[in-house]
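Colleague: Model the structure of this input:
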Amino acid sequence: MTRVRQFSFVSLRDLLVASGPTLLAAIAVAVLAYLWVDPAPPRRLSMATGQFNSAYEEFGRQYAARLARDEIKLTLQPSLGSHDNLQRLIDGKVDIAFVQSGSTAEGQAEQAGLVSLGSLFTEPVWLFLREKAGVTHLTDLKAKRINLGPEGTGVPRLFRQVLDANGIEPNELQIGALENTPATMELLAGRIDGLVFSSAPEAPLIQMLLQTPGIKLFNFSQADAYTRRLPFLTHVVLPRGIVDLGRDIPAQDYHLIAPTATLVAREDLHPALVGLLVKSAGEIHGKAGWFQQQGQFPSPKYTEIPVAREAARYYRDGPPFMQRYMRFWLANLFERLWVVAVALAALLIPLSKIVPPIYVWRVRSRVYRWYGELRKVEQELEAIEPEAREGAREGLLKRLDDIEERVNHISIPLAYAEELYRLRSHINFVRERVRGTIDLHGLAVPLAK
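Modeller: Okay, the predicted model is just below:
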């Protein structure tokens, strides 16, 4: 039983061979574009926060919880405060940190490769004093025991500028360098006259001292003048009754001076993480508070450190389109795939013009290679002397039969069947020449009997 050969319109094998190099090149370019042009964001970050019981520490925990929802682990590093955080960023020990405005010298951030992700909240200068200390003006601090905290907090540098604006030399005070918690214990025990914090009101120690009998908050009645002398400061008001309306705490409005806390990062932080951190900052700091209106923070304002390009775009345009509707990692994957798509398009458009000719050549080459065999038969026929051709015909005819048999087993798409049938007619043409029914000029002649 003769097996019926199956024909197809396309030769998959030839198509794969013709397009194989193109596909491999496209895959290689896609992988390189995916990994090199825009690498995936890291899943681990480190953040320098602040002292125990500080607002920085509390906010650090909130950032860690929000980033954990997107499967990013944020490692928190306790620190002395703003100046310590700034040094850790410069040394490359952390990726992001809270830094107070006024902490950097002109040009220092740019030289160190640091960028701002936005200002987060105001940090009023809280000067808590024992009522018995009898301090009503800053000049009354002379000879008093005032704790400013360790140098790494940034408060000593800040408060020295405040003292200088009042014509007071630091050596005219008995300045302490205890951290916030032990300094608070010393104040409550009466062993120091006052202490200075610069912190958001959410800090537990601030909340406690505002409600502690015998401890009073200094009122910076000249706050507007301070903001003119020290431009990184702003004037904020602690409203009467904000701590406890029922007990009327505080019993008056307090005018305070306040630098601004900024979220600072190294400039090599992945762009996708910049947007995610700004989004988290909006969730944490965007609500109305004691010193801010709804939506006032985070903000690209109030910072002397240049704002990261991606952060500025986020503040201007909002989150990237895909991140508005997808989870972070899925949106990031699609955003990165755009880069791959552009790279593939740039490669496939020119290569697509090469594949069809290669495919046609491969299909037709399976037919055309037999024309070489036919030409050999003709050359041998022409090389035989006329009187010797009769004996050579059988061998040549057998070779032609073998060629035809093998041609009959060629698998070729139907679109190129015409090439196959033309080859078979040419085989028959050569066969007739060998038999002598066609002369060398292609004219029919009778067979010799």
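
Colleague: Tell me which stretches of this structure form strands.
Modeller: Here the chain has its strands, by DSSP state E, at 44-48, 73-77, 96-100, 114-122, 125-130, 145-147, 174-176, 194-198, 215-217, 234-238, 254-258, 260-266.

Colleague: Out of the ones you listed, which is the most enclosed?
Modeller: strand 96-100 (a mean of 27; mean count of other CB atoms under 10 Å). Bear in mind the C-beta positions are built from the backbone N, C-alpha and C, glycine included.

Colleague: Could you check the angle that strand makes with strand 254-258?
Modeller: With axes from the mean of the first three to the mean of the last three CA atoms, to 10 degrees as the basis, strand 96-100 and strand 254-258 are set at 130 degrees to each other.

Colleague: Render the CA-only coordinates of strand 96-100 in CSV, please.
Modeller: Provided in CSV are the C-alpha atoms of strand 96-100 (Å, rounded to 0.1, in the frame of the first residue of the first chain):
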residue,chain,number,x,y,z
ILE,A,96,17.7,56.5,53.3
ALA,A,97,17.5,58.6,56.5
PHE,A,98,15.7,61.4,58.2
VAL,A,99,17.8,64.6,58.0
GLN,A,100,16.8,68.0,59.5
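
Colleague: all helices for this protein, in order.
Modeller: For the chain, the helices defined by DSSP state H occupy 12-32, 55-68, 82-90, 108-112, 155-165, 180-188, 204-210, 223-229, 271-285, 309-317, 328-351, 355-383, 389-407, 417-435.

Colleague: in the stretch 201-350 of the chain, which ranges drop under the pLDDT threshold?
Modeller: The model of the stretch 201-350 of the chain has pLDDT under 70 over residues 333, 336-337, 339-344, 346-348, 350.

Colleague: 80 instead?
Modeller: 321-322, 329-350 (pLDDT under 80).

Colleague: what about S221, how many residues close to it?
Modeller: Around S221 sit 11 other residues, with neighbours defined as other CB atoms under 10 Å.

Colleague: That one touches Y254, doesn't it?
Modeller: No. Using CB atoms under 8 Å, S221 makes no contact with Y254, being 9.3 Å away.

Colleague: what touches both of the two?
Modeller: Common contacts of S221 and Y254, defined by CB atoms under 8 Å, 6 or more residues apart in numbering, are absent altogether.

Colleague: Run through the residues that contact P300.
Modeller: 116, 118-119, 307, 311-312, 315.

Colleague: So what does it have for phi and psi?
Modeller: Dihedral pair for P300: phi -80, psi 0, per degrees, to the nearest 10.

Colleague: Include distance to E57 when you put the strands of the chain into a markdown table, please.
Modeller: Shown next, in a markdown table, are those (distance: least, CB to CB, whole Å):
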| stretch | distance to E57 |
| --- | --- |
| strand 44-48 | 11 |
| strand 73-77 | 8 |
| strand 96-100 | 10 |
| strand 114-122 | 14 |
| strand 125-130 | 16 |
| strand 145-147 | 19 |
| strand 174-176 | 21 |
| strand 194-198 | 13 |
| strand 215-217 | 22 |
| strand 234-238 | 22 |
| strand 254-258 | 19 |
| strand 260-266 | 13 |
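
Colleague: rewinding a little: would you tell me which of the helices of the chain gets closest to F128?
Modeller: helix 204-210 (5.0 Å; CB to CB).

Colleague: on that earlier part again, figure out which of the strands of the chain is closest to G246.
Modeller: Of all the strands of the chain, strand 234-238 comes closest under CB to CB, at 17.2 Å.

Colleague: Quick one: list the elements packing against the closest one.
Modeller: With contacts taken as 3 or more CB pairs under 8 Å, 6 or more residues apart in numbering; DSSP states H and E, strand 234-238 sits against helix 223-229, strand 254-258.

Colleague: Need these in JSON lines (columns: distance to P21).
Modeller: Compiled in JSON lines, those are given as follows (distance: least, CB to CB, whole Å):
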{"stretch": "helix 223-229", "distance to P21": "68"}
{"stretch": "strand 254-258", "distance to P21": "65"}
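
Colleague: Nearest to V125 among these would be which one?
Modeller: strand 254-258 (5.3 Å).

Colleague: The closest residue to R431 other than its chain neighbours: neighbour count?
Modeller: If the residues on either side of it in the chain are set aside, R431 comes closest to L400, at 5.0 Å by CB to CB, 6 or more residues apart in numbering. Residues lying near L400 (other CB under 10 Å) number 20.

Colleague: Kindly report the same for F220.
Modeller: 22.

Colleague: That one contacts H255, doesn't it?
Modeller: Yes. Look at F220 against H255 with CB under 8 Å: they come within range, at 5.1 Å.

Colleague: how about the contacts of P300, which pair is most distant?
Modeller: Every pair of the contacts of P300 checked by CB to CB; the farthest is S119 and A312, at 12.8 Å.

Colleague: Please name the residues that touch S119.
Modeller: By CB under 8 Å, 6+ apart, S119 lies in contact with 101, 260-262, 297-303.
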